[in-house]
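Visitor: could you work out the structure for the sequence below:
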Amino acid sequence: MSTITMWFRKTLLVGLVAVLGLVSAPLANVYALGQFDTGTPPTPTQTTTPTDRLQRAFSREQTIYGKLGKLLNNAGTRISKFQNLINKAKTNGKDVSNLQSALDAFSSAVTQAQSIYNDAQSLIASHPGFDASGNVTDQTTALQTVRDLRGKLREIRQTVLPPFRALRQEIRAYREENSPNNVMPAPTQSGG
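Guide: The predicted structure follows:
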């Protein structure tokens, strides 16, 4: 018998012994209950009340409101920067009419969203149903406040998101249209 065959048999034998050893070993430890053990521990009960949920919802919507405020404040500078880029492309002879109309629609939507944002600001400032620290004082009024604020935030999103998506789509189309890979070589005249 060759040494390779003997080495292979020995390796196979060692592998089988290892597998049998692993199979015979227990995978988990099992312990018996003691005399005073009651079995499974009781599950903790959640003590969230409608008041707690209202306070968390109002706090979460205030956080979203703050983030939207930052986005709306930055939108003006971003729109002006993008307008400068469109103007520069226009002077280079590029067709930017679709980009310009999409940017105008987005700018108009941001203006509309700003007025809705100001309405939401007055709602947060007056915070009916909540005290100054965000605790519920009147559950019915607080619920209506949360619903009204959620509606305002949804309205802002529905106002700004479609024109933003359209602008983004026009930017993609413009980039694809004007990418260096899509530039057609100028026709040459051949004498012949």
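Visitor: residue 138 - how many residues pack around it?
Guide: Counted with other CB atoms under 10 Å, residues neighbouring residue 138 total 13. In short, each C-beta sits where N, CA and C put it, glycine included.
Visitor: shouldn't it be in contact with residue 129?
Guide: Yes. At 4.7 Å, residue 138 counts as touching residue 129 under the criterion of CB atoms under 8 Å.
Visitor: what separation is there between residue 158 and residue 109?
Guide: Residue 158 is 10 Å from residue 109, where distance means CB to CB, to the nearest Å.
Visitor: neighbour count winner among those two?
Guide: Set residue 158 next to residue 109 and count neighbours by other CB under 10 Å: residue 109 wins out with 21 against 12.
Visitor: so who does that one touch?
Guide: Counting by CB atoms under 8 Å, 6 or more residues apart in numbering, residue 109 touches 159, 160, 162, 163, 164.
Visitor: equivalent analysis for residue 98, please.
Guide: By CB under 8 Å, 6+ apart, residue 98 lies in contact with 170, 173, 174.
Visitor: any chance of those residues in JSON lines, plus neighbour count?
Guide: As requested, the contacts of residue 98 are exported to JSON lines (neighbours: other CB atoms under 10 Å):
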{"residue": "170", "neighbour count": "20"}
{"residue": "173", "neighbour count": "13"}
{"residue": "174", "neighbour count": "18"}
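Visitor: okay, and which of the residues you listed map to helices?
Guide: When the contacts of residue 98 are checked against helices (DSSP state H), the matches are 170, 173, 174.
Visitor: give me the nearest residue to the second one, chain neighbours excluded.
Guide: With CB to CB, 6 or more residues apart in numbering as the measure, residue 98 is the residue that lies nearest to residue 173, at 7.1 Å, once sequence neighbours are left out.
Visitor: tell me where this structure has helices.
Guide: Going by DSSP H, the chain shows helices at 3-24, 50-91, 97-126, 139-177.
Visitor: what's the closest of those to residue 133?
Guide: Closest of these to residue 133 is helix 50-91, at 9.5 Å (criterion: CB to CB).
Visitor: so what does the closest one touch, helix or strand wise?
Guide: The contact analysis (3 or more CB pairs under 8 Å, 6 or more residues apart in numbering; DSSP states H and E) places helix 50-91 against helix 97-126, helix 139-177.
Visitor: thinking again about what came up before, quick check: the residue nearest to residue 173 vs residue 170, distance?
Guide: Using CB to CB, residue 98 is found at 5 Å from residue 170.
Visitor: hang on, the earlier thing: distance to residue 56 and pLDDT for the ones in helices among the contacts of residue 98 - can I get that in TSV?
Guide: Output for those, formatted as TSV (distance: CB to CB, whole Å; pLDDT from 0 to 100):
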residue	distance to residue 56	pLDDT
170	39	93
173	42	90
174	43	90
